[in-house]
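Trainee: Next comes the sequence, and after it the predicted model I'd like to discuss.
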Amino acid sequence: MTELAEVKKQYDGLVAFLTEYVKVSLEQISRIICREVFYGTTVGCLGCC
């Protein structure tokens with residue numbers, strides 16, 4: 001498995017956990033990720049900005 005595929009799998013697992021058990025919406029997850037991009041961290045924006 002490529003590194004990118006592994007990261008995607010981990011991301012998908014995290015999103016599934018957050019939406020099902022913590023009741024965080026996909027919109028909230030996207031906003032958090034994009035805010036990290038805006039402030040200059042290395043987290044990638046997934047087309048949500």
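Mentor: Structure's in. What do you need? This structure is a prediction, so every number in the text was calculated from the model and none was measured. Numbering: from 1, shown residues only.

Trainee: For Ile32, pull up the helix or strand it's in.
Mentor: According to DSSP states H and E, Ile32 maps onto helix 26-38.

Trainee: Which positions within whichever helix in the chain runs longest qualify as buried?
Mentor: Criterion DSSP state H: the longest helix present in the chain is helix 3-17. When burial is assessed from 16 or more other CB atoms under 10 Å, helix 3-17 yields no buried residues. All C-beta spots, glycine's among them, are computed from the backbone N, C-alpha and C.

Trainee: contacts for that helix?
Mentor: The contact list for helix 3-17 (CB atoms under 8 Å, 6 or more residues apart in numbering) reads Met1, Leu26, Ile29.

Trainee: make it 7 Å
Mentor: The contact list for helix 3-17 (CB atoms under 7 Å, 6 or more residues apart in numbering) reads Ile29.

Trainee: what mean pLDDT does the helix holding Ile32 have?
Mentor: Average pLDDT, helix 26-38: 76.

Trainee: cool, and stretch 3-14?
Mentor: On average, stretch 3-14 scores 90.

Trainee: Extract the C-alpha trace of that stretch and format it as CSV.
Mentor: Extracted as CSV, the C-alpha positions of stretch 3-14 are listed here (Å, rounded to 0.1, in the frame of the first residue of the first chain):
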residue,chain,number,x,y,z
GLU,A,3,1.9,6.0,1.8
LEU,A,4,-0.9,8.2,0.3
ALA,A,5,-3.3,5.2,0.3
GLU,A,6,-2.5,4.5,3.9
VAL,A,7,-3.1,8.1,5.0
LYS,A,8,-6.4,8.1,3.1
LYS,A,9,-7.4,4.9,4.9
GLN,A,10,-6.5,6.4,8.3
TYR,A,11,-8.3,9.6,7.5
ASP,A,12,-11.5,7.7,6.4
GLY,A,13,-11.3,5.7,9.7
LEU,A,14,-11.0,8.9,11.7
